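A.B. asks: Predicted coordinates and the sequence they were generated for:
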Amino acid sequence: MKRILWWLIAGTRGGETRARIIRSLKERPYNANQLAEELGLDYKTIRHHIDLLIENKIVVSTGKRYGAMYFLSPDMEDSYEEFESIWEKIKNRKK
């Protein structure tokens, strides 16, 4: 999980957006529309990043595509401290 998180957050464009999604989903489940509103981003942008996070087993969903609710996967829940550590290193590097 550590390598996947480094790649998704630090190794590719869009890492900051994915980190914001992960942090939001840690607080509570959202659907894509709610995430777009919460983060002030376009729905299509959220869908793109959610699909990437699902593909890499960071996020899981319940329900149909439009109304699906997204949650952190059990593996991501277990690795959340590692994510926070990576995010702190990346955030401090950007300053």
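C.D. replies: Cool, the structure landed. Residues are numbered from 1 along each chain as shown.
A.B. asks: what comes up buried for the helix or strand hosting Glu77?
C.D. replies: Secondary structure assignment for Glu77, by DSSP states H and E: helix 74-78. Buried residues in helix 74-78, counted by 16 or more other Cβ atoms under 10 Å: Met76. Yep, even glycine has a C-beta here, placed from its N, CA and C like the rest.
A.B. asks: just how off-centre is it within its chain?
C.D. replies: Its chain's C-alpha centre lies 12 Å from the corresponding centre of helix 74-78 when counted by Cα atoms, centre = their mean, to the nearest Å.
A.B. asks: need the helices for the protein, in chain order.
C.D. replies: Ranges of helices within the chain are 2-5, 15-27, 32-39, 43-55, 74-78, 80-94, based on DSSP state H.
A.B. asks: Columns distance to Tyr66 on top of those helices, output as TSV?
C.D. replies: TSV is the format used below for these (distance: least, Cβ to Cβ, whole Å):
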stretch	distance to Tyr66
helix 2-5	27
helix 15-27	17
helix 32-39	8
helix 43-55	10
helix 74-78	23
helix 80-94	27
